[in-house]
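>>> Okay, sequence plus prediction incoming.
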Amino acid sequence: MKIVVFSAQSYDRTFLDEALAQAGDGLQVELIYQQATLSAQTAVLAQDAEAICVFVNDQLDETVLERLAASGVRAIFLRCAGFNNVDVAAATRLGFFVARVPAYSPEAVAEHTLALVMTLNRHTHRAWLRVRDGNFSLDGLLGTTLHGKTVGIVGAGRIGLATARIFRGMGCRVLGYNPTPVSELERLGAQVSLDALLAASDIVSLHCPLVDDTRHMINRETLAQMKRGAMLVNTSRGALVDTPAVVDALKSRHLGFLALDVYEQEENLFFRDRSAGIIDDDVFQLLLTFPNVLVTGHQGFFTVEAMREIAHVTLENVRCFVGARECENRVVGN
């Protein structure tokens, strides 16, 4: 079976090829790697393929899905957990088999969340630049002790719980909000309403899927509920945050710190080297001017362990499709 892999980077090739070589069961799969992001314009690259493999910023709206179906594509393998970029209704109507990787090394994203918090809190990114220039002054590098601080975890899935365990282990008070009760949250801290979490937390960390109810859940109203000087961290999905509202909160000094590994308009920026060009996203560029803002390019998942798990589960999903077997990771199809 021919599978076209969109948004393919060198590391995708490394780990998918490794997993395929280790499959050991005669899985007859040809992987065709394309750096291009899937869109209405690039869907033609899947011509004559039976399946495609896509990532978080590939577009799978109705127009793209119809073009894929017309070219013979029958299956879509997501090498990520989220599927908000898939028009599920259209995929169902067109008869696609769609499967995802629902969980992969949740500790990878949780640890990256901690790295962002520690970097911003202790100004290590700025200190590193100073030392390189021979400047060893400490003015402007004053941080706070995280031990004893209140950390609010919004979303208690596997990543949210892994993050809560880390901060609990550091001696932080953990508050958690989840639409439905999660028993482990009670062992790690306290389950509270979102309003109560925002009002009490020194650090608010987002770990939610992107659905209609969570889109722009951090907005002018919810930002106003946060403690003055608090830190907001988003390692989940960019559109959880209303970015212009966050910029205003930073300007007013109400929001003390902002750490982002995701960005609402990241599909035009992330996973590519843009250093030789002009970034014409004015909001993103403005964010980078704040000394109390730290942005990384959607690398929270990017560990050896997570990449191997993504590749392994993706090929397991392929096996299910080829063998017409039940697939617990499917989003659409049987």
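Noted; the coordinates are in hand. Values in this document were obtained by computation on a predicted structure and should not be read as measured data.
>>> rest of the way, CA atoms for contacts and neighbours
Noted.
>>> for the chain, what are the low-confidence residue spans?
24-25, 333-334 (pLDDT under 70).
>>> Centre-most residue in it?
Ser236 (4.1 Å; CA atoms, centre = their mean).
>>> so how far is Leu198 from the closest residue to that one other than its chain neighbours?
The shortest distance from Ser236 to any non-neighbouring residue, by CA to CA, 6 or more residues apart in numbering, is to His207 (5.3 Å). Relative to Leu198, His207 is positioned 14 Å away (CA to CA, to the nearest Å).
>>> How about Trp128?
32 Å.
>>> can you check Asp139 too?
In terms of CA to CA, Asp139 sits 30 Å off from Leu198.
>>> Please say which of these two ends up with more neighbours.
Leu198 (26 against 6; other CA atoms under 10 Å).
>>> The stretch 1-150 of the chain: helices as residue ranges?
10-22, 62-70, 88-93, 106-122, 124-132 (DSSP state H, counting those that start in this stretch).
>>> In JSON lines: the ones you listed, plus distance to Thr296 and mean neighbour count.
Listed next are the helices of the stretch 1-150 of the chain as JSON lines, based on distance: least, CA to CA, whole Å; neighbours: other CA atoms under 10 Å:
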{"stretch": "helix 10-22", "distance to Thr296": "18", "mean neighbour count": "15"}
{"stretch": "helix 62-70", "distance to Thr296": "29", "mean neighbour count": "19"}
{"stretch": "helix 88-93", "distance to Thr296": "30", "mean neighbour count": "16"}
{"stretch": "helix 106-122", "distance to Thr296": "9", "mean neighbour count": "20"}
{"stretch": "helix 124-132", "distance to Thr296": "12", "mean neighbour count": "13"}
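>>> can these go into TSV with extra columns for distance to Leu161?
As requested, those are exported to TSV (distance: least, CA to CA, whole Å):
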stretch	distance to Leu161
helix 10-22	27
helix 62-70	35
helix 88-93	28
helix 106-122	9
helix 124-132	26
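>>> Of those, give the one that comes closest to Leu223.
Nearest of the helices of the stretch 1-150 of the chain to Leu223, taken as CA to CA: helix 106-122 at 18.2 Å.
>>> could you say what helices and strands that closest one packs with?
helix 158-169, strand 230-234, strand 255-260, strand 293-295 (3 or more CA pairs under 8 Å, 6 or more residues apart in numbering; DSSP states H and E).
>>> same thing but 10 Å
helix 124-132, helix 158-169, strand 203-206, strand 230-234, strand 255-260, strand 293-295, helix 304-322 (3 or more CA pairs under 10 Å, 6 or more residues apart in numbering; DSSP states H and E).
>>> for the ones you listed, which one sits closest to Val101?
Going by CA to CA, the one of the helices and strands packed on helix 106-122 nearest Val101 is helix 304-322, 6.2 Å.
>>> ok and the closest one relative to helix 10-22, angle-wise?
Going by axes from the mean of the first three to the mean of the last three CA atoms, to 10 degrees, helix 304-322 is angled at 60 degrees with respect to helix 10-22.
>>> Give the next helix or strand downstream of helix 304-322.
Downstream of helix 304-322, the first helix or strand assigned by DSSP states H and E is strand 330-332.
>>> for that following strand, the distance to its chain's centre please.
Remark: strand 330-332 is offset 20 Å from the chain centroid, using CA atoms, centre = their mean, to the nearest Å.
>>> With stretch 82-94 instead?
The answer for stretch 82-94 is 19 Å, by CA atoms, centre = their mean.
>>> what's the first-to-last distance across it?
Note: stretch 82-94 ends 20 Å apart using CA to CA.
>>> List of residues touching it?
55-66, 68-70, 74-76, 78, 95-103, 208-212, 236-237, 331-333 (CA atoms under 10 Å, 6 or more residues apart in numbering).
>>> Helix or strand: which one has the residue nearest to the centre of the chain?
Per DSSP H and E, there is no helix or strand for Ser236.
>>> OK, contacts around it?
82, 109, 113, 155, 159-160, 205-210, 260-263, 298, 300.
>>> Would you mind listing which of the contacts of stretch 82-94 are buried?
55-62, 64-66, 68-69, 74-76, 78, 96-103, 208-210, 236-237, 331-332 (16 or more other CA atoms under 10 Å).
>>> Might one say that Ala51 is in contact with Ala99?
No - with contact defined as CA atoms under 10 Å, Ala51 does not count as touching Ala99 (11.3 Å).
>>> Which residues are in contact with each of the two?
What both Ala51 and Ala99 touch, as defined by CA under 10 Å, 6+ apart, is the set 75-77, 318, 321.
>>> From Leu197, how far off is Gly256?
17 Å.
>>> the more surrounded of these two?
Taking neighbours as other CA under 10 Å, Gly256 and Leu197 compare with Leu197 leading, 26 against 19.
>>> next one: stretch 242-259 to chain centre, how far?
On CA atoms, centre = their mean, the centre of stretch 242-259 falls 20 Å from that of its chain.
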